[in-house]
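In: here is a sequence with its predicted model. Questions after.
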Amino acid sequence: MNPELQIYLNGELVPAHEAKVSVYDHGFLYGDGVFEGVRVYNRRIFRHDAHLERLYRSAKAIWLTPPMSMAEMKVATEKTVAANKIENGYIRAIFSRGFGDLGLDPRKCPTPTTVIIADAIKLYPPEVYEEGMDVITVATRRSRPDVLNPAIKSLNYLNNILAKIECIRAGVPECIMLNDQGMVSECSGDNIFIVHQDLRGRLELRTPPVSAGILEGITRDAVIQLAEKLGISVAEKDLSLFDIYNAKEAFLTGTAAEVVPVTRIDMREIGDGKPGPITGQLMQAYAELRNTEGEPVF
Ligand code: PXG
């Protein structure tokens, strides 16, 4: 923690060491709340509106009424980024259910807690982007949408954390999670894409649909948009392990990871074991997009 940082907490900017939330906050007691992770590039907040939309959709899904409008949240976030002079960094925005009592009943929490942190970001090492990442599938299944929908970016990330612990223990930085049907859903904190080649040699970029039980990633959406612009055919399709082991290329997308090539899955080489050309094209297109899209906020 950088003690110099100014944290937005319930309407005020406070020094990081004073930014404290009650142990009776249901975000802490039950993981009852929602959040967003957003990037700042060149003083621009990348796809801020899309992140705000998703934050408010997540809140609606858990019956949480944010204490401010989306427009007010946007201004508060921009103020926090500007106050900390974050030219390139990461924003964490949180609405938790708020201070309540020890029971589950959210009616005992009169006001949601709002937190906005704008800070530096820790990235994967550059080798991963040059040589590709090694990932595994883990035993932990992604939560079923009818039990706890992965489309909700809730503070309850235990499903993802259990998967993350499995891959860390196996010595790799990310993992593929299957859904209850045994199909590929997503990674612990990233979405997944493959380049599929059919029997006639035609290439298609494929990613699991939202119905596979995933978070509808903002980076995923930006990459789909870029692929369409570049004339690469894209399809949201259910993927099996067979499909991903036989992919010509694979990569992950996420706010923190951006576009990261995957060259090994479950100890199988993907394609020729090197980041592929379509992945390279999309990595470059994404890098250009993120540096130029939007307006500086300070
Ligand atoms: N799936 C899951 C489960 C995520 O949490 C993504 C996909 C990618 O979505 P975006 O919108 O970022 O393209 C996420 C988001 C971290 C970290 O520290 C990762 C996320 C969120 C918060 C922290 O690795 N990933």
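Out: The structure has been received and is ready for your questions.

In: what's the end-to-end length of stretch 262-281?
Out: Start-to-end span of stretch 262-281 (Cα to Cα, to the nearest Å) is 15 Å.

In: okay, buried residues for it please.
Out: 262-265, 270-271, 274-276, 278-279 (16 or more other Cβ atoms under 10 Å). To be clear about C-beta, it is placed using only N, CA and C from the backbone, and glycine gets the same treatment.

In: and what of stretch 285-294?
Out: Of the residues in stretch 285-294, those scored as buried under the neighbour-count criterion (16+ other Cβ under 10 Å) are 285-286, 289-290, 294.

In: make JSON lines out of those and add distance to residue 244, secondary structure and pLDDT.
Out: As requested, these are exported to JSON lines (distance: Cβ to Cβ, whole Å; DSSP: H, G, I helix; E, B strand; the rest coil; pLDDT from 0 to 100):
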{"residue": "285", "distance to residue 244": "23", "secondary structure": "helix", "pLDDT": "98"}
{"residue": "286", "distance to residue 244": "21", "secondary structure": "helix", "pLDDT": "98"}
{"residue": "289", "distance to residue 244": "26", "secondary structure": "helix", "pLDDT": "97"}
{"residue": "290", "distance to residue 244": "26", "secondary structure": "helix", "pLDDT": "96"}
{"residue": "294", "distance to residue 244": "33", "secondary structure": "coil", "pLDDT": "94"}
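
In: mind checking what secondary structure residue 222 has?
Out: helix (DSSP: H, G, I helix; E, B strand; the rest coil).

In: same check on the one 3 residues further on?
Out: Assigned state for residue 225: helix (three-state reduction, three-state DSSP).

In: quick check: residues of the stretch 151-298 of the chain near the ligand?
Out: Within the stretch 151-298 of the chain, the positions lying close to the ligand (Cβ under 6 Å from any ligand atom) are 160, 186, 189-191, 215, 217-220, 253-256.

In: again, 8 Å this time
Out: Applying Cβ under 8 Å from any ligand atom, we find that the stretch 151-298 of the chain lies next to the ligand at 153, 157, 160, 186-191, 214-222, 253-257.

In: give me the neighbour count for residue 58.
Out: Residue 58 has 22 neighbouring residues, counting by other Cβ atoms under 10 Å.

In: please, which helix or strand holds residue 29?
Out: Counting by DSSP states H and E, the secondary-structure element that holds residue 29 is helix 26-30.

In: which other residues reach stretch 134-149?
Out: Among residues not part of stretch 134-149, those counted as contacts by Cβ atoms under 8 Å, 6 or more residues apart in numbering are 61, 150-151, 154, 156, 159, 162-163, 166-167, 170, 172-180, 185-187, 211, 213-214, 241, 252, 262-267.

In: please redo it, this time with the cut-off set to 6 Å
Out: For stretch 134-149, the external contacting residues (Cβ atoms under 6 Å, 6 or more residues apart in numbering) are 150, 159, 162-163, 166-167, 170, 172, 174-180, 185, 213, 262, 264-266.

In: so how far is that stretch off the chain centroid?
Out: Distance of stretch 134-149 from its chain centroid, counting by Cα atoms, centre = their mean, to the nearest Å, is 15 Å.

In: give me the buried positions along that stretch.
Out: Within stretch 134-149, the residues that qualify as buried are 134-138, 140-143, 145, 148-149, counting by 16+ other Cβ under 10 Å.

In: sorry, back to before: now render the buried residues of stretch 262-281 as CSV, adding secondary structure.
Out: As requested, these are arranged in CSV below (three-state DSSP):
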residue, secondary structure
262, strand
263, strand
264, strand
265, strand
270, coil
271, coil
274, coil
275, coil
276, coil
278, helix
279, helix
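
In: next, format those as a markdown table and append pLDDT.
Out: Converted to a markdown table, the buried residues of stretch 262-281 look like this (pLDDT from 0 to 100):
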| residue | pLDDT |
| --- | --- |
| 262 | 98 |
| 263 | 98 |
| 264 | 98 |
| 265 | 98 |
| 270 | 98 |
| 271 | 97 |
| 274 | 98 |
| 275 | 98 |
| 276 | 98 |
| 278 | 98 |
| 279 | 98 |
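
In: which of these sits closest to the ligand?
Out: Here the nearest of those to the ligand, counting by Cβ to the nearest ligand atom, is residue 262; it sits at 14.3 Å.

In: what pLDDT does the nearest residue to that closest one once chain neighbours are set aside get?
Out: Once its chain neighbours are removed from consideration, residue 262 has its nearest residue in residue 250; the separation is 4.1 Å (Cβ to Cβ, 6 or more residues apart in numbering). Reading off the confidence values, residue 250 has pLDDT 98.
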